[in-house]
Every structure is written in C-alpha cells, then in structure tokens.
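> What follows is a protein structure lacking sequence information:
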C-alpha cells in the first residue's frame with residue numbers, strides 16, 4: 001500500500017467516524033417518522049401520543065442476523081412495558097414485500113409494531129444519519145414529552161432505560177454523558193484495525209502516531225478502553241517500538257479517571273513505567289495494584305510481575 005493510498009484511506013475513515021449530530025442531540029425534540037407502510041401494529045403518530053406514550057424506534061433489517069437475535073428480547077420488552085404506554089416500532093428500509101414475508105414467517109414471535117420506511121428513507125435519515133449512526137440494530141427512545149432521551153444497541157441498556165423512565169428515575173444528563181462516551185469509544189474502536197495494520201505492515205511513523213493520537217482522543221473518556229489500548233501497544237513489539245509514549249499517555253489518563261483505584265489499570269501503568277525504564281515507579285504502582293486486587297488468580301500474576309521487576313532492579 002503506497003503512502004498516498006494510506007493517507008486517502010485514513011482521510012475517509014476520519015471523515016466517517018468524525019460525523020456527529022449537530023442538529024439533533026439527546027434531549028432534543030424527536031424528528032418525525034415517515035412511514036410508507038405499517039406492516040404490523042397500529043399506525044403511530046407522535047403528536048397524538050405526546051404527553052402519554054413512550055416510543056422506542058429500532059432500525060433493523062430482515063437479512064441482519066444480530067437484528068434477528070433481538071426479536072425475542074424486543075418482544076419480551078414490549079409485553080413487559082405494554083401497560084406502561086411503551087410502543088416499540090421496528091423500522092426497515094427494505095422493500096415492503098420482503099418485510100411482510102419475514103413478519104408473516106415469524107408470526108407471534110414478533111410482538112411489536114413493524115414499519116417500512118418512506119421511499120426516500122426519511123426516517124432513517126432523520127435518526128440514524130442525523131445522529132451519525134450506521135450499524136444496525138440500533139434504537140432510540142422518545143419520552144412522553146416527545147424528546148429523544150436515549151440511543152444505543154437495543155440489547156445494551158434499553159430495558160434498564162425504560163424501567164427508569166416509567167418509574168420516573170431516569171437521569172437525562174447522566175444518560176447524555178454515558179451515550180457520548182460510548183459513541184466516542186466506538187469511534188476509537190473503529191480505528192484500531194487501521195492502527196494495527198499500519199504498525200505491522202508499514203514504516204509510516206507519522207501516520208501511525210496520527211492514528212494513535214486520534215484513538216487516544218476518542219477513547220479518553222473510557223478508562224477500560226484506554227487500558228486495553230495501552231495493553232495492545234505493550235504486548236505487540238511492532239507497535240510498541242513506535243508507540244510507547246502513546247501507551248503511557250493512555251494509561252495515565254485511565255489512572256487519573258479512575259483515581260488510582262482500579263487494580264488492572266494500575267498494573268498496566270506499572271508495566272508501562274517498566275517499559276519506559278522507570279523501575280522504582282513501576283514497583284511502587286505494582287504494589288498498589290496488588291493491594292487493590294480482589295481476584296486471587298490475578299493477584300498471583302501481579303505478584304510474579306512484581307518479583308520480576310524487583311529482580312531486574314537488583315541486577316542493575
């Protein structure tokens with residue numbers, strides 16, 4: 001792969017993952033839904049349901065296996081929250097006949113409303129594209145006031161969110177923070193394969209560092225991701241030779257975010273310090289990791305690593 005092709009590839013990815021919804025954000029009024037046909041269930045009108053109904057809009061496709069795996073869970077949720085005025089709407093951008101055929105085959109397995117998007121996919125654009133999403137299944141929750149208050153994969157917190165909304169315990173500001181962090185971490189994860197490929201197959205140090213910096217930027221709010229990112233660098237010689245400094249930055253942010261109270265993150269920090277030649281500091285933080293660790297198997301591994309550090313220090 002030539003340098004120009006790599007640059008073009010990275011530019012496209014940066015544009016793609018950098019998309020975000022400036023016009024529509026969590027807490028804003030829900031965009032309208034434009035449906036060409038209601039395949040199953042009653043027609044939905046947000047204005048009619050305002051003040052009473054909570055809507056869940058799930059984007060899916062008949063050919064999507066993860067979407068099919070969600071069907072029983074969505075049906076169970078619809079049954080659970082039916083008396084709480086929750087209406088689930090599964091929206092597909094496929095041909096109407098394909099959706100009808102699939103729904104007929106599934107029969108009572110699908111216990112929620114199913115609809116086909118407008119001819120110009122207006123609903124998909126109003127939600128998925130407006131929020132910068134492209135992976136299905138994906139879901140949005142519209143509260144009784146008509147505002148979008150949550151978004152994510154339907155099996156990653158939807159039921160808990162509905163429980164909180166119907167009980168009046170939902171914290172919108174907290175949800176905004178969590179959703180933003182998740183979206184940013186997803187952007188960082190999408191860059192990892194490119195980062196790894198560059199490190200293992202090229203000597204474009206400038207590009208490698210640029211991608212590493214971008215991953216760090218998007219993942220900075222997720223200490224567990226930062227821990228994994230630092231471990232990836234430390235465990236892969238071809239990456240570590242370029243990016244030891246990035247690993248150190250990543251794990252330092254993770255330590256600060258967790259206030260030095262996460263054993264796994266402290267142990268990774270210790271290893272990063274060891275790799276950087278800071279032996280006394282590495283020993284100090286490894287001891288802290290051991291003190292915090294509650295898993296006996298992990299603690300034994302941490303102790304072995306500490307012993308290695310101490311022996312290495314004696315030899316110097």
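Perfect, thanks for sending it. As the structure is a computational prediction, the values presented were derived from the model and not from experiment.
> What backbone torsions are found at residue 52?
Main-chain dihedrals, residue 52, degrees, to the nearest 10: phi -130, psi -50.
> Repeat that for the one 3 residues further on.
Dihedral angles phi and psi of residue 55 (degrees, to the nearest 10) take the values phi -110, psi 140.
> Would you check that it makes contact with residue 142?
Yes. Between residue 55 and residue 142 a contact is recorded at 4.2 Å, counting by C-beta atoms under 8 Å. Backbone N, C-alpha and C define where each C-beta goes, glycine included.
> anything in contact with each of the two?
Taking C-beta atoms under 8 Å, 6 or more residues apart in numbering as the contact criterion, the common neighbours of residue 55 and residue 142 are 30, 46.
> Correct me if wrong, but residue 185 is in a helix.
Yes. Going by DSSP: H, G, I helix; E, B strand; the rest coil, the assignment for residue 185 places it inside a helix.
> Tell me the confidence at it?
At residue 185, the predicted lDDT confidence score is 93.
> One more: the one 4 residues further on?
Looking at residue 189, its pLDDT stands at 92.
> ok, how many other residues are close to it?
When counting by other C-beta atoms under 10 Å, one arrives at 17 neighbours for residue 189.
> coming back round to it: residue 55 and residue 142: which is more packed in?
residue 142 (25 against 22).
> Now name the helix or strand holding residue 162.
When secondary structure is defined using DSSP states H and E, the element that contains residue 162 is helix 158-166.
> got the buried residues for that helix?
For helix 158-166, a neighbour-count test (16 or more other C-beta atoms under 10 Å) marks 158-159, 161-162, 164-166 as buried.
> Now those residues in JSON lines, please, with extra columns for distance to residue 59 and pLDDT.
What follows is the buried residues of helix 158-166, written out as JSON lines (distance: C-beta to C-beta, whole Å; pLDDT from 0 to 100):
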{"residue": "158", "distance to residue 59": "13", "pLDDT": "96"}
{"residue": "159", "distance to residue 59": "18", "pLDDT": "96"}
{"residue": "161", "distance to residue 59": "17", "pLDDT": "96"}
{"residue": "162", "distance to residue 59": "17", "pLDDT": "97"}
{"residue": "164", "distance to residue 59": "22", "pLDDT": "96"}
{"residue": "165", "distance to residue 59": "20", "pLDDT": "96"}
{"residue": "166", "distance to residue 59": "23", "pLDDT": "95"}
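> among these, which two are most distant?
Largest separation among these by C-beta to C-beta: 158 and 166, giving 12.6 Å.
> can you map out the helices along this structure?
In the chain, helices defined by DSSP state H lie at 3-17, 46-49, 65-81, 96-106, 122-124, 158-166, 172-201, 205-219, 223-235, 237-257, 263-275, 279-292, 296-315, listed in chain order.
> closest one to residue 38 among those?
Nearest to residue 38, of all the helices of the chain, is helix 96-106, at 10.4 Å by C-beta to C-beta.
> which residues sit against that closest one?
Residues outside helix 96-106 that contact it (C-beta under 8 Å, 6+ apart) are 36-37, 39-40, 62, 71, 92, 110, 114, 116.
> mean confidence for that helix?
The average pLDDT for helix 96-106 rounds to 96.
> Give me the buried stretch members for it, please.
By 16+ other C-beta under 10 Å, the buried positions in helix 96-106 come out as 99-100, 102-103, 106.
> From residue 299, how far off is residue 165?
Summarising the geometry, the distance separating residue 165 from residue 299, computed by C-beta to C-beta, to the nearest Å, is 41 Å.
> do residue 67 as well
Going from residue 67 to residue 299 by C-beta to C-beta gives 42 Å.
> okay, now the domains of this protein?
Following automatic domain parsing, the chain resolves into domains at 31-170, 179-315.
> Can you add distance to residue 25 and give those back as TSV?
Compiled in TSV, these are given as follows (distance: least, C-beta to C-beta, whole Å):
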stretch	distance to residue 25
domain 31-170	8
domain 179-315	9
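> neighbour-wise, which of residue 67 and residue 299 wins?
Here residue 67 and residue 299 are compared on neighbour count by other C-beta under 10 Å; more neighbours surround residue 67, at 20 against 17.
> Please tell me I have it right and the more buried one contacts residue 73.
No. With contact taken as C-beta under 8 Å, residue 67 and residue 73 are classed as non-touching, separated by 11.1 Å.
> List the residues that contact the residue nearest to residue 266 when sequence neighbours are not counted.
Of all residues beyond its chain neighbours, the one nearest residue 266 is residue 289 (3.9 Å), with distances taken as C-beta to C-beta, 6 or more residues apart in numbering. For residue 289, the residues meeting the contact criterion (C-beta under 8 Å, 6+ apart) are 263-264, 266-267, 270, 302.
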